[in-house]
Every structure is written in structure tokens, then in C-alpha cells.
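Visitor: Just need the structure, nothing else, for what follows:
(chains A, B, C and D, ligands or ions: 2)
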Amino acid sequence: MTGARTAGLESHVRERLAKKPLLLMAHVVVGYPSLDANWAMLEAMDGAGVDLVELQLPFTEPIADGPSFVKANHDAIQAGTAWRAYFDLTARAATRFSFPILFMGYYNSVFRMGAERFCARLSEAGMSGFILADLPPEEAAELNAMARGRELDPILLMTPTNSPARLAEIGRQASGFVYCTARKGVTGRKTDLSQGVAAFLERCRTATSLPLGLGFGIKTAADVREVRGLANIAIVGTACLEVWEERGADGYRQFLKTLAAETV
Amino acid sequence: MTGARTAGLESHVRERLAKKPLLLMAHVVVGYPSLDANWAMLEAMDGAGVDLVELQLPFTEPIADGPSFVKANHDAIQAGTAWRAYFDLTARAATRFSFPILFMGYYNSVFRMGAERFCARLSEAGMSGFILADLPPEEAAELNAMARGRELDPILLMTPTNSPARLAEIGRQASGFVYCTARKGVTGRKTDLSQGVAAFLERCRTATSLPLGLGFGIKTAADVREVRGLANIAIVGTACLEVWEERGADGYRQFLKTLAAETV
Amino acid sequence: MTMPAELFPWAPGREGYYGDFGGAFVPEMLHETLAELRAAFDNARRDPAFWKSYVEVMSTYAGRPTPVTYCDNLTRRFGGARIYVKREDLNHTGAHKANNVMGQGLLVQRMGKPRVIAETGAGQHGVATATMAARLGLACTIYMGEEDIARQRPNVFWMEQLGADVVAVTDGTRTLKDAINACLRDWAESMADTHYVLGTVCGPHPFPQMVTYFQSIIGHEARTQMLDATGELPRRVYACVGGGSNASGVFAGFLDDLSVELVGVEAGGKGIDSGKHTARLAGGKGRPGVAQGYKSVFLQNEEGLMQDTYSVAAGLDYIGIGPMLADLHQRGRVRFESATDSEVVEALRLTMRSEGLIPALESAHAFVAAFREAPSLSSADAVLVNQSGRGDKDIFTVADALGDEGWKDFIRRKAASYER
Amino acid sequence: MTMPAELFPWAPGREGYYGDFGGAFVPEMLHETLAELRAAFDNARRDPAFWKSYVEVMSTYAGRPTPVTYCDNLTRRFGGARIYVKREDLNHTGAHKANNVMGQGLLVQRMGKPRVIAETGAGQHGVATATMAARLGLACTIYMGEEDIARQRPNVFWMEQLGADVVAVTDGTRTLKDAINACLRDWAESMADTHYVLGTVCGPHPFPQMVTYFQSIIGHEARTQMLDATGELPRRVYACVGGGSNASGVFAGFLDDLSVELVGVEAGGKGIDSGKHTARLAGGKGRPGVAQGYKSVFLQNEEGLMQDTYSVAAGLDYIGIGPMLADLHQRGRVRFESATDSEVVEALRLTMRSEGLIPALESAHAFVAAFREAPSLSSADAVLVNQSGRGDKDIFTVADALGDEGWKDFIRRKAASYER
Ligand SMILES: Cc1ncc(COP(=O)(O)O)c(C=O)c1O
Ligand SMILES: Cc1ncc(COP(=O)(O)O)c(C=O)c1O
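Guide: Numbers count the residues shown, from 1 in each chain, chains lettered A, B, ... in the order given. Ligands and ions are numbered 1, 2, ... in the order given. Predicted coordinates:
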């Protein structure tokens, strides 16, 4: 068990933010391109000083994901990545690395597992919380209560399309930190961070006092630098995967380091 | 000019019937397989002692004809057989042979030529009358009157489907002889002469005192023999053409002789 | 709707003539058969229950009345007359052909004959007849030119599935006119138990009258619908003309309304001057003649031999024209225009994109003339276009006309999957 | 017809639930968009003028009401219940899909959005949406699995001709469900100016309610028509179930009539035991789950991964089922059956030959169950089969299913003519 989790995700984030202006969260689709590759990715994250990690459980209908992650989900499933393999990896990672690990996925996996069992498994695997891309807060009350009982934080999303009232509602239910999406659409495509993102994050700040993560389309070290001062956590997903595919393990390590360099 | 025509077709037929029990009428589609072949056919008819000849002017829509004649019409047209060639042949034949020659065809040719010109051309070519497969008597009054003025006989058809009233009507308008069709349908297919033909011809006799020709499906010497005693003229059409195609000029000559042999 | 028995200003005169045209020029063999049919039809159309049963069948089986659709996008585009479309494409089997076949089918039931035959060119009338025969439990033989069978396989497939026997006609040009000849020949033999369901307003009396009678349901509906929709009669009514049945049907509703100009549109093919067309009246190339049982205007040479005709729309590709229309043309009551293949493809494209309607290639001819003339009318005028059928039957032709590469790839792949 | 706003016994409860099923499980990004849609729809359905305008459009553009056809030949063949067929095949574009798209189109006009997107599997809903978009002047993008594009080229061709942009979806199984995902993704980006025209009674609230609302026109018409035709209600109503829109639509008319048994028919494919089927409820193989925005019963494995589905009828080949139907099943109000591919081809054949009707392969599933059960009912009973679409769109599939050689030859010749 890592200290991060027992301290609660929010405290962990705040503690680290006391030491550096921006945290970095990175993403892995478990099972893609392989479990071994995933382990190498995690080691690279650890080596680069990544602050938080989301591990995605692949699903057949990833409606919030863009082309790269859709393919990764599909190929991971084709390769037979099941719950067992997923939790084996997360448990090993939680033991080995110090960064907090979040479950990321779609609600059907939780629904099929059962909320209780889901929370238990996350707990047992040493994870800190979860992001469910298609579970709106009004459907999540029971699950979230159960999670908090196990010191798991449900990470909620705020989006540029949300009304102030909706942001406030999400703010009331959020814990750990809030995942703010930098633009409309799904994961993957580049975002122009100069276009209204600051104003959007202002609205988010009004709705919550939790730390804010900014994700969707953050792809380069320059992007991460721009997030500084805007949000507390820069979330990089698709870009990591694409670098792995284009530049291999070494390039991946290198890439994470240049990202992390912008957070200190 | 042959004696046959000036004497009128009916008298000609009666004169010959005084000498033999049955006359034979044969058919040529002009232009098929060629005008030269047609001439050879006519010579063969003359040699065999055929009593009457119909020369068909090809038409694109021969609705009363069966497959063999349809093809013959089509091919003759493809070969370019026009009015001029038709009348050249008929005129030559009327000069050279003693049998009366009848025009056979469809009404559109007459309609396009004009009734007057049509009658004039037949007259000039030395023909004795005409058979129009798709011209009902009620449409023919004017043409027929004009024809009779030129001593051309319109040959009308009686069919097994006609009511007694209709037969009587046809009988009133007919001249020359009457063309009785031995069965329903179109030219070409064989007819079983034992099936109701006698009764049908009885009905025709009631409707007219003109000589009766029997056609449609008379194909063999045996058929011709059967017509003896039933009608006055055996009309052979498709069979001649088929024999020409299958057995050539010699077979054709031979065939006509065996047919004619049944008429004496 | 009231029975149109008395609404027959176009009732034929002596021997089924419309002015100089019409009549019954058939082998004597068919004389009694046509007399029987005339008697049965006259009896039926004088029986109010018959028209009622016809309307009932068309309503519960074929989906009538078909609507009239106002086309605002097309209207705005041409900036003149308001364009309305009568939707015969919504009939069961996809064209106005259904009206005629179901009507004749009811007549066949009255006559008690167990078998029907029909010619077909594009295949529409064949499918409609096979459908009627299946529904009414009649045996059915369809004659179709060998050439047309090769081109119109989808329709052949459905005819066979509907239980019809499809016979390839190998005579002549192996197209529609030869199929009509084949039917007349079959009928000369089979008339005792067989009715010939002629597909258009051609052929010997009483076919032109009878088919017009059944198709007049289009015009009677449309007249009422236009009055309901616009409060007045349309200024012009446009219909494509192959044999002339959809045109006769829609015009029938407006024949007495002399303020309504009636416009028939023939196939201009590759242009009248190219010789590859079917414009008998509009092109001025047709000549009076007698063929296939009736007197009318035909595309024929000086000596009365019928000519090859051509149109991108198989259903318009025919040598003759209904005698009633030939007469209405002669009397100046119907104006005739033509539309070329390329105009037709353009009009089809525009109609699909602007209104979500897919007219048959045949029907698209009527749209061409309406589009051509609408700008010079005022927005106070309404014009009605008869959409005689739907175009999805034409996919092979339309895809070819547009040279669609995706379609070609699909067909190549499909063919490859059939290789043994 | 009266407005069915108050005739909504199936109005969803809390958060768009029908019993245990329904809801809206979408990325937060779409939250406001769905709220806006719910508000627009609620506003529209409380406005009597809206339903009136819907009925008007369906009448003048799409050909409604569609008739109910009594099938005497089929009835005599099975010797039990009298068989009636509701003729959704006569709708413009050839299926019940027209009802839904035109309804949503009118709503889009109210919302003032200039663009629509839609998923399509077989292509029917894509053609219907492209048609609506052309008619209403909206930009249109259709997402279609790459696999389906290859199989259903004719529909792709027409969508393109109607002006739609057809986007091949290369994710996942490259079929319908992946096209739905692609739409949800597009919408998460484009919602400001775009409406997603979902094609069936699935997806997040309010889609199941809204699509049922528009499709209920089928049931309301049919109920009146059956009373008119027979003087009483049918004993049973049969409908095929893909997502469930045609079934929900026709059942909606009879939901309060407890004497009427409602039967949904799923695709049995090559047999439930073969694993190649789409029988979520009838097969007992479906499990509750949450996907594509809604909670219902899905064909999925123990860990919630969706399974490959299969049917000869592309339109039934889908993992989920409308939440209202899942609830009606759970409450015992709708009975579910399945029909195998081979039963379907047999029923299609029989229906074509006996009645001249060509049901879509989807619709033929409903016929299978009706034929199976009719003999055990009495001639005092009437049953109603919903013919959701016409089958001529299926020629490539049907010809393949029947192994038609003439068709194969035609395609081979056609392909040869395309060789360069
Ligand atoms: C859709 C359609 N329109 C028009 C025609 C032409 O026939 P008519 O002139 O008899 O209406 C056809 C003939 O097949 C057709 O299928
Ligand atoms: C003709 C037809 N029927 C039925 C369906 C199935 O859809 P649903 O269950 O929503 O009616 C489809 C879908 O494409 C269809 O095209």
C-alpha cells in the first residue's frame, strides 16, 4: 500500500503541489500493446517523475475515446485482456511504484462486476480512485458513497459545455480532484489552449475548491507549460500512446521526461 | 398478265377445283433467305404444280406469325428488302408463272403506301389479291371496295374462335376464297386436324359459299391428304420455309411435289 | 372519390377511336376475345360497385391515395411557379403501374380467367403484374425481351420470386415492342383462359380506354388534392410519356379544365437529331401508322418499318404512343416536349438533393420540362409534376450514368465472390 | 388522429427509466445537449400544433397513413387466425424509419440546428435521414461501419446522391454499434449546431421515448384500422425487434388493450445454440448492462464486453434492445420469440408468392412467428403483423440466400463490363 492512497487523493495532490507548481498525470490502456509494454510504460513514468497514473480497463464501446484509444481498447480485448490481468497489473504497479493509480473505464464493467466488488477490487489492488467516462453523477450516488467508504475517490469531469449550475452540482459531488476537459469532443485531438480554456477553468474554480486536472488534447511539453498557472494537473493520454508507437520505449521515456520537466 | 387474275380469283379456284379435288397454296417471305432463293422457291412451286402463292412483304411487328416467320421477316428487313424489291419480284413472278399471286402482310405497309397506291401497285405487278393479317373487315371497307374496283380480291380469315354471327359477317364481305385457320394461335406450330377442324369448317361453309382454304400448321403430305374433303385449298406456310432451311433447294422441290401429289 | 364512369370526356368514338387514332387491328383470332373484354369492361365500369371495389383494393393493398407533395426547395431554386409533385412512386411496387394491374386483375376475376400474361420492358409492369397475380391467385407469364432481361435482372428476379414465369423474347430488337408481339401471339392461342394485362394505354381497343380508366385515379385524386392544397387548379400538369399511361391517368383529372395546360414529355435520348430518342410527337419525327393492334403515331421509316428507339429510361423506350394522347396532341389539348438523357440525370440529381425524392428516370423527364418552364411562370401559379415511379429500381442505370466508382468496385467485389 | 401526448402509458419515470432500464449514460460533455433535447421534445409534444404538423408532413410527404392489408391467401394456408399486415413498407424510403427521421427533423427545425448526424447499419436509417436532411435543407453526415458499407453499397449510393456525407467507421466490429459510438463521438464535439438522429428506441434518454413517440403513429393508425376492418382488436400483434423502434411503434397503439398479446421477434440467426444470433430476450442470452448511453439487456460476456451478433437481416443485427421493450418483457406485457435465417427466407418466399408482398428480411421475422402461431388460433381471431419495410432493398442478400444463378450471372456480366 502506498502512502498516497491512505492519505486520500486530494491530500496527496496538495502535498505534491506544495513542492512543484504542476502535477503530471499519464494514461495507459491496459493490455495495449501488451502487458509487458504497459509495465515498461509504468517504469518510464516512474523514472520521469509522473505524479498520477490512470490505467484504463478496455471496453468494447469506448464512446468517450478518440481513434487511438478506440484501437487500443479493441486490440487489448482481442488480445484477451480480462479483469484478472488488469487487476494483476494494477496491484503489481501499486506495490512497485509510489504514484497513485486511478481506474479508468466505462460503467458497464463496474455494473457487471457489481459496485461492491468493484470497490473491493480497487481497494485490494491499492488503487486510489476511478474515472468512469460514461457515468453521470446522478447515476453514481450509491457507487460513490460505497467508494468513499473504502477511501476511493470518484473523479468527476467538468466540461466546457456544462452550465454553471451543472458545474456547481458536479463540484458538490466531487472528491480527490476534478478532471476538466480542455475542449469538446473525445480524447485524442490537439487542443488550442489559448482558446477559452482559462475562462472555462475559472468557471470550474467557482464550482469547486478541489485541485483541477486539465486533459483532452495535451500533447507536447509546450502544452504542459501552458497548463501551468491554469490548472493543477496536466493530463496526458493519447500523446503518450502515440509516442510509444512512433518512437518506441526510449522515445517514450524521453518524452515523459520533457513533459515532466515542465512541471517543476 | 395471267389469265387467272383477269378471270377473278374465285373463278380461277373453281376452274381448277373442277379438275382436282384440292388446291395447294404455298408461302414465301420475300427477301428471306434471299431474293434469289425466293425465285428458286417460286420455280419449285411452279414445277410442283402449286395452285396459289402468297408472297409476304416483311414487317417489323408480325403479330400473327410464329417464330420461323418472325425470324424470316426480321432477317429480310435486315437484308434491306424494301417495297421496290418486293414488287420487282412479284411482277417478275406474275409474268413468268401461271399461278395467281397474293400479297400477304400487315396493314401498316398498306396504310403507309396509301390504299390507292397499294391497289395500283398490286395491279401493276399482276397480283390477284391480298391477305392482311391484322386488318379486321370493319376497318377494311374502303380498301376492299377500292381493291375490287381493280379486280383484286381481299382474302378474309375465319377462325375457330369466331362466333357464328361474326363468321356470317365475314362471309358477307369476303371474296376470292376464305382463309380458314385450322386452330388458335399463330403460324408455325403443328395442328391436329382430327380435333374439331371438320366442325369448324362446317360453320365456315354455313357462312359463305366461297371456296375455303385451310391453313395454320399444315406441315406434311399426310396433313394435305387430310384436308381433302374438308376444305378446297390446303395452305402450307412455315413447313415450306423449314424444309428449305433443313433440306435445301432439292429437298424443297421434292417436298412440294409430295404435297402436290396429295391434291390430285 | 366518385366513380369516373361518367367522367369520360375521352370516351372513344366508333370502334374505339380517338379522332384519327385508336381502333383494334388484331388478327381475326382475337376478335371475340376483345369483344368479350369490351363487354366485361363496359359492364364493370357501369357497375358502381366495381369502381368502389377498385378504390378499396388500391387503398387497402396498394397504399392509395398517394399524396401530392409541395416542393419548396425546388420552387425557391427556380423562382417561378410553385412546384407540386404527385407521388405515384409511393404505390405498392413503386410506380403507377400498380393502378392498371390491380384494376385489370379485378376485371380478370369478374371474367373468371385463371391466367394472365403481360409484356414488360423495364420490368416495372412485369413486377406489378406478377404481384397482382400472386395476390389474386392467378397463373402468370411475363414476356420480356432478351436484351431487357439482361439489363433489368433485378426486376426479373422479383418477378420469379413472385411466382411468375418470365419468358425471354428473342425476336426482333428483343425489347419491349417485341414482348408485346409475343403477348399478342400467346393470347391468340390462350385467350380462353388467359387475360392479357397490357401495361399502357396502347394496343387494341379497349386497352387504351381501360388503362386510362384505371389510371384516371391519379388525376381524380390529384385534382382534389391540388384544390385542397392551393385553393385552385394548377396552371400546368407535366407527365412523362412512354406508352402514355401515367400521363393519360393524371391528365384525365384535368381534361375538362381548359385553364390547365397539359404537357407530355417524351424521351429526347441523345438528342432528336442524333436519331437516338423516342420523341414521337415532340420531335415531329413520328408518323401515323398501325402496329401492335392500334392506329397512332409511331417512329417508323417511310415504308412503315418500325425504327429502333432509345432512352436512358427503359420505360419510355417504345415506338408508339397511346391513341388518346395522339389525338389530344392533334387537337392541341396536350403539348409535347422532350428531355434528353443528360437533362434527365441533372434533374434527378437536383430533385434528390433538394427534396429527398428519387424519381424514376422515366418520371425525371417530366421534372425536366417543369424545371425548364417554372422560371417563366409566376409564384401565383402552381404546376403539378407526376412522379410516376421511384428511382431506386434504376440503381444500375443511374450508377452507370453517373459513373459512380464506389458502385463499380462493389459490383466487382460481388462478382469476385461468385467466382467458383 | 388525436395527438398521443397524453397516450403515453410508457412515459419514462425518474431520469428516463422504464422499470430497471433506460437512463442516460453519456460523457458529461453531452449532458447539456441531452437536457436541451429533452426540453425541446417536451415542449414539442405538449404543443398540439407539433403533432399536427408531424401528421401533416407524414401525410403529404411520406404517404401516411399506411394501410392495413388483409391476407386471405396466407390465412387460408395456415387455417387459423385471420392475418392482417400493417404496411410500413409503403412509407417513403420504404420502411418505418421515415416516421422517426421526419419527426426528429421537425424537432431539429424547432431547435434551429443546421446539421444532423446518424448511424446506420443496413443503411435504411441512413437513407431515411439523408432524405429528411435533403428535404429540410440540413447538412448531413452518416456514420456506417466499413463492413456494412461494403455489404450495403446500394444504400450508400443513395445516401450520397441525396447529398449526405457517408463516413466509414473502421473501429471495433465495423458495424452498427460502432457507428453509434462514432455518432456519439461526433456529437460530443458538434452538439452546438448538430442533432444526432438516433435510428431506434435505444441510446440515452430522451431517445427511447422520443423515437417511440414518433413511431407510435404506426400503432395508433393500426388500432383504428383494425377496428374499422374487423370490428374488434387483434388477438396478437407481431413485430420484429432490432433496436425495437417498429415494435415499440406498433405496440404503442395497443399497450392499454390487455386483451391484445404483443409479440416481439428477434433474429435467431443460425440458431440460438450456434451463438450466431441476436436474440437478446427470446434466447435468454442477454444480460443487463449499460452501453451506448442506456441501461438495457445486451448480448455481452461475463465481464461486460459486447459480443458479436449475427442475422441475415442487417437491421436486426444489434447488441442492445430498447429499454422500454426490456421493461415490457420483464413485466410480461410483451412476449419475445425468435426466428432463424432459414425460417425467415421461407416466410419471405411464401409471402411473396401468396400475397405479392415483399417484406424486408427484418420484417419477415415477424411473419415467421405469426405463421407459426396462426394455426393454433381460431378464425374468429385476427392477428396483425407489422411489415416494417420492403424487401427489394435486400436483393443482394435475398439473391445470395436463395443462391440465384441468374442473378450471379448478371453481376458477373456487369462486373466484366466495368473492367478497364
Ligand atoms: C416509372 C415509370 N414511369 C413511366 C413509364 C412509362 O409508361 P407510361 O407512359 O405508360 O406511363 C414507365 C414504364 O415502365 C415507368 O416504369
Ligand atoms: C425494415 C426494417 N425493419 C426493422 C428494423 C429494425 O429496427 P427496429 O427494431 O428499430 O424497428 C430495421 C433496421 O434497419 C429495418 O430496416
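
Visitor: can you give me the strands in chain A?
Guide: Under the criterion DSSP state E, strands of chain A are mapped to A:23-29, A:52-56, A:101-105, A:129-132, A:153-154, A:156-158, A:178-181, A:212-215, A:233-236.

Visitor: Quick one: list the elements packing against the third one.
Guide: In terms of contacts (3 or more C-beta pairs under 8 Å, 6 or more residues apart in numbering or on different chains; DSSP states H and E), strand A:101-105 is packed against strand A:52-56, helix A:83-96, strand A:129-132. Every C-beta, even on glycine, is put in place using the N, C-alpha and C of the backbone.

Visitor: quick one on the thing from earlier: mind giving me CSV with the strands of chain A and columns for mean neighbour count, mean pLDDT and distance to C:V127?
Guide: Formatted as CSV, the strands of chain A follow (neighbours: other C-beta atoms under 10 Å in any protein chain shown; pLDDT from 0 to 100; distance: least, C-beta to C-beta, whole Å):
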stretch, mean neighbour count, mean pLDDT, distance to C:V127
strand A:23-29, 27, 98, 53
strand A:52-56, 25, 98, 54
strand A:101-105, 26, 98, 53
strand A:129-132, 25, 98, 54
strand A:153-154, 24, 97, 61
strand A:156-158, 25, 98, 56
strand A:178-181, 27, 98, 55
strand A:212-215, 26, 97, 58
strand A:233-236, 26, 98, 61
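
Visitor: So is stretch C:178-192 next to chain B?
Guide: Yes: counting by C-beta under 8 Å from any C-beta of the partner chain, contacts between stretch C:178-192 and chain B involve C:N181, C:L184, C:R185, C:A188, C:E189, C:S190, C:M191.

Visitor: buried subset of these?
Guide: Listed as buried from the residues of stretch C:178-192 next to chain B are C:N181, C:L184, C:R185, C:A188, C:S190, C:M191; burial here means 16 or more other C-beta atoms under 10 Å in any protein chain shown.

Visitor: Now, those residues that are in helices?
Guide: Taking DSSP state H, the ones among these that sit in helices are C:N181, C:L184, C:R185, C:A188, C:S190.

Visitor: Out of those residues, which is nearest to C:S53?
Guide: C:S190 (26.1 Å; C-beta to C-beta).

Visitor: Identify the residues contacting the closest one.
Guide: With contact set as C-beta atoms under 8 Å, 6 or more residues apart in numbering or on different chains, C:S190 has these partners: B:K184, C:R115, C:I117.

Visitor: next one: C:E266
Guide: By C-beta under 8 Å, 6+ apart, C:E266 lies in contact with C:240-241, C:277-283, C:316, C:336-339, C:365.

Visitor: now do 6 Å
Guide: If you count contacts by C-beta atoms under 6 Å, 6 or more residues apart in numbering or on different chains, C:E266 has them with C:V241, C:T278, C:A279, C:A282, C:S338.

Visitor: secondary structure class for it?
Guide: State at C:E266, reduced to three classes by DSSP: H, G, I helix; E, B strand; the rest coil: strand.

Visitor: Which one of the residues in the stretch 151-300 of chain C is closest to chain D?
Guide: Residue nearest to chain D within the stretch 151-300 of chain C: C:R153 (3.6 Å; C-beta to the nearest C-beta).

Visitor: Show the contacting residues for that residue.
Guide: D:F410.

Visitor: Now the closest residue to ligand 2 within the stretch 201-350 of chain C: phi and psi?
Guide: Closest residue of the stretch 201-350 of chain C to ligand 2, C-beta to the nearest ligand atom: C:L348 (24.2 Å). Backbone torsions of C:L348, given as degrees, to the nearest 10, read phi -60, psi -50.

Visitor: What residues does it make contact with?
Guide: C:A364.

Visitor: One more: the one 5 residues further on?
Guide: C:R353 is in contact with D:A134, D:G163, counting by C-beta under 6 Å, 6+ apart.

Visitor: please redo it, this time with the cut-off set to 10 Å
Guide: Contact analysis of C:R353 by C-beta atoms under 10 Å, 6 or more residues apart in numbering or on different chains lists C:N73, D:A130, D:A133, D:A134, D:Q161, D:L162, D:G163, D:A164.

Visitor: And it, how far from C:L74?
Guide: Per C-beta to C-beta, to the nearest Å, C:R353 is found 10 Å from C:L74.

Visitor: any low-confidence regions in chain A?
Guide: A:1-7 (pLDDT under 70).

Visitor: how close does the residue nearest the centre of chain A sit to A:C240?
Guide: Chain A has A:E54 as the residue nearest its centroid, 4.0 Å off, counting by C-alpha atoms, centre = their mean. Using C-beta to C-beta, A:E54 is found at 11 Å from A:C240.

Visitor: Common neighbours of the two, please.
Guide: A:A26, A:H27, A:V28, A:V29.

Visitor: For the stretch 101-250 of chain A, what lies in contact range of chain D?
Guide: Residues of the stretch 101-250 of chain A found near chain D (C-beta under 10 Å from any C-beta of the partner chain) are A:105-113, A:132-139, A:156-163, A:165-166, A:169-170, A:179, A:181, A:183-189, A:216.

Visitor: The residue lying closest to C:G264 once chain neighbours are set aside: how many residues sit nearby?
Guide: Once flanking residues are discounted, C:G264 sits nearest to C:V241: 4.2 Å by C-beta to C-beta, 6 or more residues apart in numbering or on different chains. Counted with other C-beta atoms under 10 Å in any protein chain shown, residues neighbouring C:V241 total 36.

Visitor: Spit out the contact partners of C:V241.
Guide: By C-beta under 10 Å, 6+ apart, the neighbours of C:V241 are C:200-201, C:247-248, C:251, C:263-267, C:278-282, C:316, C:318, C:321-322, C:325, C:329, C:334, C:336-338, C:362, C:365-366, C:388.

Visitor: my guess is C:D327 contacts C:Y17, does it?
Guide: Yes: taking C-beta atoms under 10 Å as the definition, C:D327 is a contact partner of C:Y17 at 8.3 Å.

Visitor: Tell me where the stretch 201-350 of chain C has helices.
Guide: Secondary structure of the stretch 201-350 of chain C by DSSP state H, counting those that start in this stretch: the helices cover C:207-230, C:245-252, C:323-330, C:341-355.

Visitor: so which of those helices comes closest to A:R96?
Guide: Nearest to A:R96, of all the helices of the stretch 201-350 of chain C, is helix C:341-355, at 61.0 Å by C-beta to C-beta.

Visitor: What are the buried residues along whichever helix or strand comes after that closest one?
Guide: Downstream of helix C:341-355, the next assigned helix or strand under DSSP states H and E is helix C:361-373. In terms of neighbour count (16+ other C-beta under 10 Å), helix C:361-373 has its buried residues at C:361-373.

Visitor: Report the two of those separated the most.
Guide: Farthest pair in the buried residues of helix C:361-373, by C-beta to C-beta: C:L361 and C:E373, 20.0 Å.

Visitor: wait, what's in contact with the residue of the stretch 51-200 of chain A found nearest ligand 2?
Guide: Using C-beta to the nearest ligand atom, A:E61 is the residue of the stretch 51-200 of chain A that sits closest to ligand 2, at 18.3 Å. Each residue near A:E61 by C-beta under 10 Å, 6+ apart is listed here: A:70, A:73, A:106, A:108, A:134, D:171-172, D:177-178, D:180-181, D:184, D:289-293, D:298, D:300, D:304-306, D:319-320.
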